[in-house]
Every structure is written in structure tokens, then in C-alpha cells.
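# One predicted model, sequence on top.
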Amino acid sequence: MPRSDRKIAIVGLGLIGGSFFKAIREKGLAVTGIDKNDPVEVGDADLVIIALHPGLAIDWLRTHNKKIKPGALVLDVCGVKAALCKAVAELEKDWTFLPGHPMAGKEVSGFENSSAALFEGASMILTPQTKEENEAAESLRPFFESLGFAKVILTTPEAHDEVIAYTSQLCHILSNAYLRDELALK
């Protein structure tokens, strides 16, 4: 878990980023929230959480790569991993990247709907690819547990994306089938 003297920055203050912000602040840790368009820099942050949509996360990392503190840990919380991991691998960086995805959410979005309790009982999926990333994942396990996550699961970016694509699409298929059945009965 990050020590209380470590600085945490969250880029993107929607539902997930806002919930991380509120949960971390509730634990008494130093955290700065940065809207995707804020000119605020993350240069002194020890942990940077990127809570943006995948395309925006890639753009943000490409633009701010050299502004991230050497030795910092950068955690993304996007819903897909492979494309982001590929883009980050192409960067010349002196910080550690840890791909992650909290399995939590709501049917609404935005900071106003975020909650410090959003992660209670949820799973945090991490997709480390190197020894350094595996060590970072293990070092953050107590941090995630302190925020309410019940499990921290390690897998590969490809396995993550395959499972998420299947489970995400399953809901759409079921709702579409239900709607078509309802329309057929009229």
C-alpha cells in the first residue's frame, strides 16, 4: 500500500476515477484529481492512476510520458488491455506501467455518481507482463484491499480482453433477445 507520504494522482474524474479519488481520500492518503483537460501536471506523483477511455489514455500517456516522475508507477483502469499495453510498450519511459481493471461500476457515469464505496466486494484485475510489473502488482495488493476490493486477480492482457468481450457482449445479447421476444408477443 502506498505510504501516507506518497503522492497519488488520478487522471480522469468520471465514475471510476472519481470513486478511486474518494476512496483514497477517505483513507487519508494524499491524492490529486486531474480532469483530462486540466493543465495540472503529475510530475511529483509516485502513483498515477489513468482513468480515461482507452484511446484517451493512450493519447494522454503519449503526451505526458516524459512528465511522469522517474520510478513512478502508472496504473490504468481501462476496460480493455491489449491495445493500451501495445501502445505503452512503444514508449520510451522510466516509470513502471501496470494495466488494471476494477470490476465495478454503475449504470450512470460522472464524478457526481462516484462513490468511495464503489469497490466494496469487487475484484481488481491486473495484467502484469514483466517481473517488475508483477512485483508492482503484489506491492499494491494491500492498497486495493484497503479500498474495499475483495480480490486482486492477475492474468494476461489477452485473457482479460477475451473474457471481458464475452461477458460484456452477453448482456447485450440477452437484452436484445428479450426485447425481440417482447415485440413478437405484441
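Received the coordinates, thanks.
# What are the contacting residues of the longest strand anywhere in the chain?
The single longest strand within the chain, with elements called by DSSP state E, is strand 96-102. With CB atoms under 8 Å, 6 or more residues apart in numbering as the contact definition, strand 96-102 has outside contacts at 16, 20, 71-79, 81, 84-85, 88, 119, 122-129, 132-133, 136-137, 140, 149, 157, 160, 164. For the C-beta atoms, the positions are set from N, CA and C on the backbone; glycine is no exception.
# Make sure Ser109 is actually in contact with Gly14.
Yes. Here Ser109 reaches Gly14: they are 5.5 Å apart, a contact under CB atoms under 8 Å.
# neighbour count winner among those two?
Set Ser109 next to Gly14 and count neighbours by other CB atoms under 10 Å: Gly14 wins out with 18 against 13.
# Hmm, the more buried one is touching Glu112, no?
No. The criterion here is CB under 8 Å, and Gly14 misses it with Glu112 at 9.8 Å.
# Got phi/psi on Lys106?
Backbone torsions of Lys106, given as degrees, to the nearest 10, read phi -140, psi 170.
# Distance-wise, check it relative to Ser114.
Distance, Lys106 to Ser114, using CB to CB, to the nearest Å: 9 Å.
# any residues in contact with both of those two?
What both Lys106 and Ser114 touch, as defined by CB under 8 Å, 6+ apart, is the set Leu15.
# who has more neighbours, the two?
Neighbour count, other CB under 10 Å: between Lys106 and Ser114, Ser114 has more, with 23 against 13.
# Quick check: closest non-adjacent residue to Leu15.
Ser109 (4.8 Å; CB to CB, 6 or more residues apart in numbering).
# Ile140 and Leu75 touch, don't they?
Heads up, residue 140 is Leu, not Ile. Yes. Assessed by CB under 8 Å, Leu140 is found in contact with Leu75 at 7.5 Å.
# Just want to know which of the two has more residues nearby.
Between Leu140 and Leu75, Leu75 has the larger neighbour count (other CB under 10 Å), namely 24 against 20.
# Contact partners for the more buried one?
Leu75 sits in contact with 47-50, 98-100, 140, where contact means CB under 8 Å, 6+ apart.
# got the residues you listed as JSON lines, with pLDDT and distance to Tyr178 columns?
What follows is the contacts of Leu75, written out as JSON lines (pLDDT from 0 to 100; distance: CB to CB, whole Å):
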{"residue": "Leu47", "pLDDT": "96", "distance to Tyr178": "42"}
{"residue": "Val48", "pLDDT": "96", "distance to Tyr178": "41"}
{"residue": "Ile49", "pLDDT": "97", "distance to Tyr178": "36"}
{"residue": "Ile50", "pLDDT": "96", "distance to Tyr178": "35"}
{"residue": "Leu98", "pLDDT": "94", "distance to Tyr178": "38"}
{"residue": "Pro99", "pLDDT": "93", "distance to Tyr178": "34"}
{"residue": "Gly100", "pLDDT": "93", "distance to Tyr178": "32"}
{"residue": "Leu140", "pLDDT": "94", "distance to Tyr178": "39"}
